[in-house]
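Colleague: compute the structure for the input listed below.
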Amino acid sequence: MTNVVKVITMPSVAASSSKPVPKPAVRVEHPGMEAMRMFLRNPAAIAGMAMLLVVLVVAIAGPWLYPADPFEIKAAPLTPPFSEDAWLGSDYLGRDVLTALIYGGRATLLVGAVAALLSVLIGITLGALAGYYGGKVDAALMKLTEFFQVLPALLFAMVVVTLFSPTLVTVTLAIGIVSWTGTARLTRAEFMKYRGLEFVRAERAIGASDARIIWKVILPNALPPLVVSATLAIGAAILFEAGLSFLGLGDPNQMSWGLMIGSSRQYVLSCWWAVAFPGAAIFITVLAVSLIGDGLNDALNPKLRER
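Modeller: Residues are numbered from 1 along each chain as shown. The predicted structure is shown next:
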């Protein structure tokens with residue numbers, strides 16, 4: 001009698017499973033959210049945001065909370081700080097330094113922001129055209145940029161303000177006209193880097209116009225360094241306005257921090273507070289903008305995120 005041995009083979013796991021094993025999903029974070037997260041992790045940038053927020057709140061809400069005329073004589077001339085009539089003292093005419101500081105912030109910040117916006121618009125427009133088209137267009141626009149770059153910016157702004165009378169509008173235009181060259185060169189470099197890439201050539205292949213490629217395809221990809229440049233331009237414009245006002249070329253009918261320093265510069269030894277307080281306000285504002293700009297640079301630059 002023959003014994004029959006049955007061999008039972010177990011099916012392999014791969015054979016028994018007809019469905020593929022699903023791979024774990026990889027969560028991709030949006031670049032904007034990643035940049036915001038990196039910015040919020042920067043203590044210096046957060047400090048700059050807090051400082052700038054305080055300055056903005058004081059400049060915007062201060063006149064409603066502390067209604068007064070910054071040119072009104074409220075105390076005896078050269079009254080020291082922490083006096084009953086003038087908490088931060090008075091200048092050589094008897095004007096309240098605190099009132100002038102609150103109201104002067106509006107004009108200074110407005111001129112700085114609008115002048116920076118104007119310079120960025122001019123710089124981005126000319127730099128985009130030069131970097132995208134190249135050739136003769138690039139050569140002509142870069143010659144124009146070099147002309148304004150070698151021109152003494154402060155001297156040219158002084159000539160413009162003197163010719164068209166010193167008002168907030170002329171001061172803003174003068175600052176914007178002379179301070180766009182750096183943004184133009186940066187924009188040109190970014191456009192030259194992107195114009196030959198595949199996604200730009202694909203847009204050309206499907207018949208997209210040059211205007212669409214410049215403003216809707218390349219510019220959004222080139223924005224991160226331009227945003228940083230625009231932020232730093234605000235601080236430069238504030239310093240520029242303060243310099244013009246210090247030289248007596250600011251709007252005499254609008255109180256500003258530069259006008260406060262310029263009008264009291266002859267009395268700096270006997271009335272130091274009339275110069276020190278607006279100078280400190282300019283320093284804090286420019287420092288805050290610079291910290292924000294550095295934070296944006298770290299957050300928007302992929303090469304710096306792993307530091």
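
Colleague: for stretch 117-133, what is the average pLDDT?
Modeller: On average, the pLDDT along stretch 117-133 is 95.

Colleague: let me fix that: stretch 241-254
Modeller: In this model, stretch 241-254 has a mean pLDDT of 86.

Colleague: repeat for stretch 92-99
Modeller: Averaged across stretch 92-99, pLDDT comes to 91.

Colleague: run through the stretch 1-150 of the chain and note the low-pLDDT ranges.
Modeller: Within the stretch 1-150 of the chain, the segments meeting pLDDT under 70 span 1-32.

Colleague: 80 - rerun?
Modeller: Along the stretch 1-150 of the chain, segments meeting pLDDT under 80 span 1-35.

Colleague: try the stretch 201-307 of the chain
Modeller: In the stretch 201-307 of the chain, residues with pLDDT under 80: 300-307.

Colleague: which parts of it are strands?
Modeller: For the stretch 201-307 of the chain, strands defined by DSSP state E, counting those that start in this stretch do not occur.

Colleague: how about the helices in it?
Modeller: In the stretch 201-307 of the chain, the segments counted as helices under DSSP state H, counting those that start in this stretch are 210-212, 219-246, 257-263, 273-300.

Colleague: closest to A100 out of these?
Modeller: A100 lies closest, by C-beta to C-beta, to one member of those: helix 257-263, at 5.4 Å. C-beta: built from backbone N, CA, C; applies to glycine.

Colleague: count of residues packed around the closest residue to S270 other than its chain neighbours?
Modeller: In space, and not counting its chain neighbours, S270 is closest to L78: 6.0 Å by C-beta to C-beta, 6 or more residues apart in numbering. For L78, the neighbour count with other C-beta atoms under 10 Å is 17.

Colleague: report the separation between M158 and D294.
Modeller: Using C-beta to C-beta, to the nearest Å, M158 is found at 31 Å from D294.

Colleague: returning to that earlier point: can you redo the helices of the stretch 201-307 of the chain as a markdown table with mean neighbour count and distance to K136?
Modeller: Converted to a markdown table, these look like this (neighbours: other C-beta atoms under 10 Å; distance: least, C-beta to C-beta, whole Å):
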| stretch | mean neighbour count | distance to K136 |
| --- | --- | --- |
| helix 210-212 | 11 | 15 |
| helix 219-246 | 21 | 22 |
| helix 257-263 | 25 | 42 |
| helix 273-300 | 21 | 33 |
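
Colleague: those: which one's closest to D138?
Modeller: Counting by C-beta to C-beta, D138 lies closest to helix 210-212 out of the helices of the stretch 201-307 of the chain; the figure is 14.3 Å.

Colleague: Provide the contact partners of that closest one at residue level.
Modeller: If you take C-beta atoms under 8 Å, 6 or more residues apart in numbering as the criterion, helix 210-212 is touched by 132, 203.
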